[in-house]
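Colleague: Below: sequence and its predicted model.
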Amino acid sequence: MSTQAQAVIGALYGDEGKGLMVDRLAAATPGAVVVRSNGGAQAGHTVVDPAGVRHVFHHIGAGSFAGAATHFSRFFVAHPMLLLDELTALGQLGVEPEISSDPRAPVTTPFDVIINQALELARGTARHGSCGLGFGETIERNLRPEFALSTKDLFRPDLHARLVSIRDAWVPVRLAALGITALPAELAAALADDITTARFEADCAAYLDRAALWPDRRLCERGPVIFEAAQGLELDQDRGVFPHVTRSNTGLANMLAISVEAGITELAATYATRCYTTRHGAGPLKGEVPALSGINIVDPTNAPNEWQGTLRLAPLDLDTLRQAIARDLTLDRGGITIRGGLAVTCLDQAEDGFAITDHGEAIRLDPAEAASEIADLAGLPLWAESWGPRRGDVRLRMDAAAA
């Protein structure tokens, strides 16, 4: 039983290639279990297998194509309605992931989704950048013990009564607190329809059929651990720019808490960044431009959508990158040894002489040397660089492979 673990963390605003890096590490780590350490179904981690099959992972760990198991930690928000769709899609690809969940993992209900979407619609042009999947509302509801719902609660004989209580007692209180006096017609109909609750109960039963209860403290019994973070450090609820943050800790914080429970003593954290910066959704983006010179962006995952709009762009800002990673590495480690390294992705999209910035000054880089230069300027060892969307396009450095 190993007490060492690996981790992949988004260094900025998400969409940095975390799925690709988890897939690459899982392929190099036989018997691995990928641990979802934060977030929920709003994550979108793209993996293209060696044969060219593409999947965007939302619940299931991005190491599944490489044969890794998946574990939902106590900080991961399960979404039974969407999980089953993802499992069906993976099954059609011949992938049947082994899944476990800490009993404390919160569970999203359709009522959280309804509140979330109603709130974002009410904000109009002042949206916060939510995906509309109920993640933040799940966290908010679970702060009230009488309305909380976690994976272990799905076994309760009074589950139906609890769901009705959430619908009839929690939803009106929450809507009133948000200043929402009326729901859009479609959302109001879904809230009032008993079929909504019945379908969710069926989804919960199917979820329990697929996910074994397994406490975080026994993680190391399952195999070598690879933590998979969601979103990025600049979206952390405690460190990002409110209100344009996610309701979770996106870096080491949750991983360290889980590691203390599980007896993990060493953690190798790979911080992933594109060679440029993207942000999906509202909020500040330093150096934002309508288009990037010297970058041919290829990103089929982040298509324009109703909830987060169009992918936003900026040159990679080294000052922002350094500060975000430094803040994460200065967290209280609880006696756990941490090594940090950098992964630079999307280098195949860069042309000769593309630019990054540092303290407001433009620095032009040759793509062939860019990863090493970015890592040096960021003050971290370079552990990986990617030149395409598949694990075979990722060059791992020796110290990362040994992590």
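Modeller: In hand now; what should we look at?

Colleague: Compute the distance between the residue nearest to Gly52 when sequence neighbours are not counted and Arg339, please.
Modeller: Spatial nearest neighbour of Gly52, excluding adjacent residues (CB to CB, 6 or more residues apart in numbering): Arg390 at 7.8 Å. Yep, even glycine has a C-beta here, placed from its N, CA and C like the rest. Here Arg390 is placed at a distance of 26 Å from Arg339 (CB to CB, to the nearest Å).

Colleague: Enumerate every residue touching the spatially most central residue of the chain.
Modeller: The chain has Ala230 as the residue nearest its centroid, 1.7 Å off, counting by CA atoms, centre = their mean. Residues touching Ala230, when contacts are defined by CB atoms under 8 Å, 6 or more residues apart in numbering, comprise 10, 14, 18, 36-40, 42-43, 45, 246, 248, 250.

Colleague: how does it look with 7 Å?
Modeller: For Ala230, the residues meeting the contact criterion (CB atoms under 7 Å, 6 or more residues apart in numbering) are Asn38, Gly39, Ala43, Thr250.

Colleague: most neighbours, which of those residues?
Modeller: Highest neighbour count within those: Thr250, with 30 neighbours (other CB atoms under 10 Å).

Colleague: circling back: is it fair to say the residue nearest to the centre of the chain lies in a helix?
Modeller: No - with the criterion set as DSSP: H, G, I helix; E, B strand; the rest coil, the secondary structure at Ala230 is coil rather than a helix.

Colleague: Ramachandran angles for it?
Modeller: phi -120, psi 160 (degrees, to the nearest 10).

Colleague: Report pLDDT for it.
Modeller: Reading off the confidence values, Ala230 has pLDDT 96.

Colleague: Show me the strands in the stretch 251-400 of the chain, by range?
Modeller: In the stretch 251-400 of the chain, the strands defined using DSSP state E, counting those that start in this stretch lie at 266-274, 276-279, 312-315, 337-345, 354-358, 361-365, 382-386, 394-396.

Colleague: helices or strands up against the second one?
Modeller: With contacts taken as 3 or more CB pairs under 7 Å, 6 or more residues apart in numbering; DSSP states H and E, strand 276-279 sits against strand 312-315.

Colleague: Next, format the strands of the stretch 251-400 of the chain as a markdown table and append mean pLDDT.
Modeller: Written out in a markdown table, the entries for those read as follows (pLDDT from 0 to 100):
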| stretch | mean pLDDT |
| --- | --- |
| strand 266-274 | 97 |
| strand 276-279 | 96 |
| strand 312-315 | 96 |
| strand 337-345 | 97 |
| strand 354-358 | 96 |
| strand 361-365 | 96 |
| strand 382-386 | 97 |
| strand 394-396 | 93 |
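
Colleague: now the ones you listed in JSON lines, with mean neighbour count and distance to Ala198?
Modeller: Below are the strands of the stretch 251-400 of the chain laid out as JSON lines (neighbours: other CB atoms under 10 Å; distance: least, CB to CB, whole Å):
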{"stretch": "strand 266-274", "mean neighbour count": "25", "distance to Ala198": "41"}
{"stretch": "strand 276-279", "mean neighbour count": "24", "distance to Ala198": "39"}
{"stretch": "strand 312-315", "mean neighbour count": "20", "distance to Ala198": "40"}
{"stretch": "strand 337-345", "mean neighbour count": "22", "distance to Ala198": "43"}
{"stretch": "strand 354-358", "mean neighbour count": "20", "distance to Ala198": "53"}
{"stretch": "strand 361-365", "mean neighbour count": "14", "distance to Ala198": "57"}
{"stretch": "strand 382-386", "mean neighbour count": "24", "distance to Ala198": "45"}
{"stretch": "strand 394-396", "mean neighbour count": "20", "distance to Ala198": "45"}
